[in-house]
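In: coordinates for the following, if possible.
(one chain, ligands or ions: 1)
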Amino acid sequence: MEQNFNPDTGDDAESQEARVLEKLPLIEQWIDATIEQYHEQAVSVESFGFKHLKDFYSDDLLHNSKVVVVDEVPKPPLASEFGLVDLQGFEDLNAQGITYKDTYFVSTLESKAESLHFHELVHIVQWQYLNAENFLGEYAKSLLRDGYSGSVFEIMARKHQERFNAYLAGDNDAIPYNIEIAVQDELKELFPDLV
Ligand SMILES: [Zn+2]
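Out: Prediction:
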């Protein structure tokens with residue numbers, strides 16, 4: 001059996017990918033409409049009064065990133081409306097945070113967790129640096145290939161988040177660094193043709 005063969009659709013990995021890439025404009029439209037829909041609820045990260053994000057992120061990024069607190073983070077209807085059955089798992093995911101362009105959504109339950117904001121801000125840097133079209137395309141491909149937890153974008157965000165958590169916990173080896181540069185360098189290495 002081919003890797004990633006989906007017995008329900010009979011698709012191999014290549015046609016799964018083609019089907020997803022075809023829907024990217026639709027997904028981006030949904031994202032833009034969602035950002036617009038929550039526009040008036042969006043606040044700056046600074047308004048949360050977190051103490052440690054600024055040890056890693058620039059004032060510019062913290063000032064320009066927007067946060068929306070919601071009971072349930074909105075996710076694109078990838079399978080239910082767009083027919084991308086291979087991404088049903090992502091649609092069903094019980095996420096506490098999700099990032100779209102310069103805006104991220106966090107659940108009410110976790111909205112005071114500085115570490116979650118740190119994680120979503122890594123995604124803001126990824127969106128910015130790759131640009132929306134490239135980010136969406138590469139994120140979708142990595143989801144198909146490696147699943148949510150195995151996605152390079154999630155691994156990168158979790159890895160930095162763990163270092164931030166160690167810093168919050170007072171670990172002497174955890175020293176602040178310029179996370180934006182670190183993420184950009186990793187993206188450059190992963191996607192040399194895109195950036
Ligand atoms: Zn993430």
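
In: any low-confidence regions in this protein?
Out: Low-confidence segments of the chain, defined by pLDDT under 70: 1-10.

In: residues of it that sit close to the ion?
Out: By CB under 5 Å from the ion, the residues of the chain that approach the ion are 154, 157. (Each C-beta comes from the backbone N, C-alpha and C, glycine too.)

In: going by neighbour count, which residues of the longest helix along the chain are buried?
Out: In the chain, assigned by DSSP state H, the helix with the most residues is helix 132-150. Within helix 132-150, the residues that count as buried by 16 or more other CB atoms under 10 Å are 132, 134, 135, 136, 137, 138, 139, 140, 141, 142, 143, 144.

In: from the residues you listed, which two are the most distant?
Out: Greatest spacing in these, by CB to CB: 132 and 144 (18.7 Å).

In: confirm residue 99 sits in a strand?
Out: Yes. According to DSSP: H, G, I helix; E, B strand; the rest coil, residue 99 belongs to a strand.

In: in the sheet, who's paired with it?
Out: Counting by DSSP bridges, residue 99 is bridged to residue 104.

In: verify the contact between it and residue 125 for me.
Out: No. With contact defined as CB atoms under 8 Å, residue 99 does not count as touching residue 125 (9.7 Å).

In: quick revisit: out of the buried residues of helix 132-150, flag the one nearest to the ion.
Out: Relative to the ion, the closest of these is residue 139; by CB to the ion it sits at 9.8 Å.

In: helix or strand for the nearest residue to that closest one once chain neighbours are set aside, which one?
Out: Spatial nearest neighbour of residue 139, chain neighbours left out: residue 153 (5.5 Å); criterion: CB to CB, 6 or more residues apart in numbering. Secondary structure from DSSP states H and E places residue 153 in helix 152-168.

In: and residue 115, by the same measure?
Out: Residue 115 is part of helix 114-130, with elements assigned from DSSP H and E.

In: returning to that earlier point: give me the buried positions along the next helix or strand after the helix holding residue 153.
Out: Per DSSP H and E, the first helix or strand lying C-terminal to helix 152-168 is helix 179-190. Going by neighbour count (16+ other CB under 10 Å), the buried part of helix 179-190 is 179, 180, 182, 183, 184, 186, 187.
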